[in-house]
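Novice: can't give you the sequence, but here's the structure:
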């Protein structure tokens, strides 16, 4: 006879705990604009959670597990839901549970970013209606207002483009099944060990009914997905190596072949999540509150019996214990979790050390011991340089194409070997199963193998506007305009100010950042004067830009200090440029290779 755990609620109705959803789908009724529907959903969740808490000491197994699964999500919604009623209801629920002796989670980091400790517009009464609507859209799309979304909120024009594009990639019409999209995205974030994104994507994969065996490692993936791993590696670290041979192997007829549409969808996903990993590290974005690293547990104030739900062990409130137990609670099948739910100490020590360093700088920023705008003179000097370059551009530029290429090559050569001296720390445990050939990493374009055969990518011959857009839109309908909208938005996004100086044309500075990223990725703009890169970007800023776009997993708050002369919203704006420049670079290499394959085949 099947063993089913049951108990009676206060109304003496039999409750079958084996039928209770242990995933985030338990909260899906909150995704509504109906006040009546919202109240009904809140009542259902509230009564269920209180029931589990009251019965946990008597039914230590299932009820305790359900609390552990759902309380971190309730914590997130109590802090980061755009609906006031939800935040208020769940805040009260957690407070009452804690007062009754139940161990409840608390944020490991209350701010969405360790670099922007004051950013949080969800509860700010001065938040514009436009941003509030975007938060609501994001919540209805994904069931969360992610910390990435919150950090982007100072720029609603860009945020709207980002939300639309990412939602279409992950949930819109397209040739790839939803679970495949999530797994491909996990593989992309794994290249830069970005557990902040990978955790959420893995949760989505499970909620979408993804094959559990895939979580055991890349060798358990379907051969079709395994065939994509090489292109994933190359696009992430050395995109100039991608060529028509790679496309031919993926498209070759057979049981594991990709269709043209599937391949383009996959390539856009890879490029998108590589770039998003850089944005997460570049802005110091913290883990989502409902992920294992995003919360810690506190023991309730009331005395607890031996059966009380505690994920720390009796009275253990250490970071290590809380994260390990939360990890096991949220999903016992996520990779990197052993049978006891413990996190390997070496990896955890690296994470804690990194967090401690970032938290110290964030605390200094918040307290004012590190001044965000180092001096008006620094900003004024940059503004004067931009004015001078704008005036020069108004005159006829007689720089020859040959001289531009020489300047391009000089910048590439000068950057050879630049970057961080510190080695990358241990790989997060949830990433390990999805990171194939971890030793393969970024190499400077100027130091590339086969330099005589691989020339700079000249936009005069293949560019997004004239070539890439039409190809991607033909093979993966409707994604072209969404990508183009993002590129156009970040290119034109300006408030005509820098620091506290207004009426400033910042286009030379924005152009220098964008073109510098393309330069270190081997992409040559025939009509750009590369001397402006060294005129406008200092050594520390160039080092930061290169780290974020080439090896973002090594970025810490120390490197971020080079942006201290800018306002927080401007620091985010700079990271938009890094994100989109890298995304466009990877897409250009991938689409050019695909176009070459199509041309050779015809």
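Specialist: Yes, it's here. If you're wondering where the values come from, they're calculated on a predicted model, not measured in any experiment.

Novice: can you list the weak-confidence ranges in the chain?
Specialist: Applying pLDDT under 70 to the chain flags the ranges 1-24, 58-60, 118-119, 299-377, 390-400, 414-424, 450-452.

Novice: Longest helix in it, please.
Specialist: helix 568-601 (DSSP state H).

Novice: Now do the phi/psi pair for residue 104.
Specialist: phi -120, psi 150 (degrees, to the nearest 10).

Novice: Okay, and the beta partners of it?
Specialist: Note on residue 104: beta-bridge partners by DSSP bridges are residue 298.

Novice: in stretch 173-192, what counts as buried?
Specialist: 174-176, 178-192 (16 or more other CB atoms under 10 Å). C-beta: built from backbone N, CA, C; applies to glycine.

Novice: Let me fix that, I meant to ask about stretch 85-94.
Specialist: 86, 87, 89, 90, 93, 94.

Novice: gap between that stretch and the chain center?
Specialist: On the basis of CA atoms, centre = their mean, to the nearest Å, stretch 85-94 sits 27 Å off its chain's mean C-alpha point.

Novice: for stretch 461-472, same thing?
Specialist: 26 Å.

Novice: Just the terminal-to-terminal distance for that stretch.
Specialist: Terminal residues of stretch 461-472 lie 17 Å apart, using CA to CA, to the nearest Å.

Novice: on that earlier part again, mind checking how far the longest helix of the chain is from the chain centre?
Specialist: Put simply, helix 568-601 sits 16 Å off its chain's centre (CA atoms, centre = their mean).

Novice: Flag every buried residue along it.
Specialist: 568, 570-597.

Novice: re earlier: and which of the buried residues of stretch 85-94 is nearest to residue 407?
Specialist: Nearest to residue 407 among the buried residues of stretch 85-94 is residue 87, at 53.4 Å by CB to CB.

Novice: show me what contacts residue 171?
Specialist: 141, 178 (CB atoms under 8 Å, 6 or more residues apart in numbering).

Novice: And the one 5 residues further on, by the same measure?
Specialist: For residue 176, the set of contacting residues under the criterion of CB under 8 Å, 6+ apart consists of 184, 262, 265, 266, 269.

Novice: Give me the three-state assignment for it.
Specialist: Three-state secondary structure (criterion: DSSP: H, G, I helix; E, B strand; the rest coil) places residue 176 in coil.

Novice: what's the spacing between it and residue 388?
Specialist: In this structure, residue 176 and residue 388 are 49 Å apart, going by CB to CB, to the nearest Å.

Novice: show me what contacts residue 497?
Specialist: 503, 504, 506.

Novice: right, and out of these, which lies closest to residue 138?
Specialist: Distances from residue 138 to the contacts of residue 497, taken by CB to CB, are shortest for residue 506, at 27.8 Å.

Novice: Just give the number of residues close to the closest one.
Specialist: When neighbours are counted by other CB atoms under 10 Å, residue 506 registers 19.

Novice: Please report the distance of it from residue 520.
Specialist: 21 Å.

Novice: Take the buried residues of stretch 173-192 and keep only those in helices.
Specialist: Going by DSSP H, the helices hold 178-190 from these.

Novice: Out of the buried residues of stretch 85-94, list just those in helices.
Specialist: 86, 87, 89, 90, 93, 94.

Novice: is it true that the fourth one touches residue 78?
Specialist: So that's residue 90. Yes: using CB atoms under 8 Å, residue 90 makes contact with residue 78 at a distance of 3.7 Å.

Novice: looking at it, residue 430 is touching residue 197, isn't it?
Specialist: No: counting by CB under 8 Å, residue 430 does not reach residue 197; the two are 10.8 Å apart.

Novice: contacting residues around the closest residue to residue 445 other than its chain neighbours?
Specialist: The shortest distance from residue 445 to any non-neighbouring residue, by CB to CB, 6 or more residues apart in numbering, is to residue 522 (4.0 Å). By CB under 8 Å, 6+ apart, the contact list for residue 522 reads 239, 240, 412, 445, 448, 454, 456, 457.

Novice: Farthest pair within those?
Specialist: That would be 239 and 412, which, of these, are the farthest apart (CB to CB) at 14.6 Å.

Novice: Residue 169 sits in which helix or strand?
Specialist: helix 156-171 (DSSP states H and E).

Novice: Pull out the buried positions in that helix.
Specialist: So helix 156-171, judged by 16+ other CB under 10 Å, has buried residues 158-170.

Novice: where's the strand or helix carrying residue 97 relative to the chain centroid, distance-wise?
Specialist: Using DSSP H and E, residue 97 sits within helix 84-99. Centroid separation between helix 84-99 and its chain, computed with CA atoms, centre = their mean, is 28 Å.

Novice: Just list what that helix packs against, helices and strands only.
Specialist: Packing contacts for helix 84-99, counted by 3 or more CB pairs under 8 Å, 6 or more residues apart in numbering; DSSP states H and E, involve helix 35-55, helix 62-80, strand 104-107.

Novice: List the buried residues for the helix or strand just after the last one?
Specialist: The helix or strand immediately downstream of strand 104-107 is helix 129-142, counting by DSSP H and E. Along helix 129-142, the positions that meet the burial threshold by neighbour count (16+ other CB under 10 Å) are 131, 132, 134, 135, 137, 138, 139, 141, 142.

Novice: Serialize those to a markdown table and add fields for distance to residue 498.
Specialist: Below are the buried residues of helix 129-142 laid out as a markdown table (distance: CB to CB, whole Å):
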| residue | distance to residue 498 |
| --- | --- |
| 131 | 22 |
| 132 | 28 |
| 134 | 25 |
| 135 | 28 |
| 137 | 30 |
| 138 | 29 |
| 139 | 33 |
| 141 | 33 |
| 142 | 33 |
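
Novice: Residue 411 is in contact with residue 446, correct?
Specialist: No: between residue 446 and residue 411 there is no contact under CB under 8 Å: 9.1 Å.

Novice: ok, and what's touching stretch 237-252?
Specialist: 191, 227-228, 230-231, 234-235, 257-260, 263, 440-443, 445, 448, 454, 457, 521-522, 550, 585-586, 589-590, 593-594, 596-597, 600.

Novice: quick revisit: which single one of the ones in helices among the buried residues of stretch 85-94 is nearest to residue 516?
Specialist: residue 87 (41.9 Å).

Novice: Could you report the distance from that closest one to residue 145?
Specialist: Distance from residue 87 to residue 145, by CB to CB: 11 Å.

Novice: same thing with residue 74?
Specialist: Applying CB to CB, the value for residue 74 to residue 145 is 15 Å.

Novice: Ok, residue 126 next?
Specialist: Using CB to CB, residue 126 is found at 17 Å from residue 145.

Novice: who's more crowded, the two?
Specialist: More crowded of residue 126 and residue 145, by other CB under 10 Å: residue 145, with 25 against 5.

Novice: How about the secondary structure of the more buried one?
Specialist: coil.

Novice: show me the contacts for it.
Specialist: Contacts of residue 145 (CB under 8 Å, 6+ apart): 80, 81, 82, 122, 135, 138, 139.

Novice: export those to JSON lines and tack on distance to residue 487?
Specialist: Shown next, in JSON lines, are the contacts of residue 145 (distance: CB to CB, whole Å):
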{"residue": "80", "distance to residue 487": "29"}
{"residue": "81", "distance to residue 487": "32"}
{"residue": "82", "distance to residue 487": "28"}
{"residue": "122", "distance to residue 487": "28"}
{"residue": "135", "distance to residue 487": "24"}
{"residue": "138", "distance to residue 487": "21"}
{"residue": "139", "distance to residue 487": "26"}
